[in-house]
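A.B. asks: The amino acid sequence is not available; the structure is as follows:
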C-alpha cells in the first residue's frame, strides 16, 4: 500500500479546516450585512469571501484543475481591486457561498487523488494555503464587528 506524502496530507487538513472556519464565520450573515464596510473603508465580508474564492481558483489551477468561475468576470474580487469602487460588480452572498462550496468540492476531489505535489508547485501551494488562513481569520473579526456572536469557541 502506497502512502501519501506528508505535504498532501498537511494541505488537505488545511483546506478542510479553513472551509469549516470560513463556513462557521459566514453562517447567518445576510447579503446586506456582507456589504457593510467597517469604518466606511475596510473590506466587507462579501469582498473577502469573493477574494478567497478568486484565489482558490488559482489554487485549483496550480493543481491542474479548472477554476469555478471566470476570473475576468469576477475581477472585482482580485488582489489590488478597490471594493468600494466596484460594489456594483459584486454578486450576492448566497451566490458566493455556492461558489465556495464548488471550490471546496473540487479541491477535496483533487487532493484525495494526489500522492504528492510536484516540487515546482510547493511555494505556490504553501502561499495559497497561508492566504486562506489569513482571510478566514478576518471573516471572524468581521462577524463580531457586525454584532454576531463569535463562531469559533
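C.D. replies: It's in. Being a predicted model, the structure only gives us computed values, none of them experimental. Numbering: from 1, shown residues only.
A.B. asks: Look up how far residue 74 lies from the residue minimising distance to the centre of the chain.
C.D. replies: Centroid-nearest residue in the chain: residue 52, 2.8 Å away (criterion: C-alpha atoms, centre = their mean). Using C-beta to C-beta, to the nearest Å, we find residue 52 at a distance of 12 Å from residue 74. Using the backbone N, CA and C atoms, a C-beta is placed for each residue, glycine as well.
A.B. asks: Where does pLDDT dip in this structure?
C.D. replies: 1-4 (pLDDT under 70).
A.B. asks: could you pull out the helices for it?
C.D. replies: Listed in chain order, the helices of the chain (DSSP state H) span 6-26, 31-34, 45-62, 93-113, 122-145.
A.B. asks: which one of those lies closest to residue 79?
C.D. replies: Nearest of the helices of the chain to residue 79, taken as C-beta to C-beta: helix 45-62 at 7.2 Å.
A.B. asks: List the buried residues of the closest one.
C.D. replies: Within helix 45-62, the residues that count as buried by 16 or more other C-beta atoms under 10 Å are 45-60, 62.
A.B. asks: other SSEs contacting that helix?
C.D. replies: If you count contacts as 3 or more C-beta pairs under 8 Å, 6 or more residues apart in numbering; DSSP states H and E, helix 45-62 packs onto helix 6-26, helix 31-34, helix 93-113, helix 122-145.
A.B. asks: Those helices into TSV, with extra columns for distance to residue 80?
C.D. replies: Shown next, in TSV, are these (distance: least, C-beta to C-beta, whole Å):
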stretch	distance to residue 80
helix 6-26	22
helix 31-34	21
helix 93-113	19
helix 122-145	14
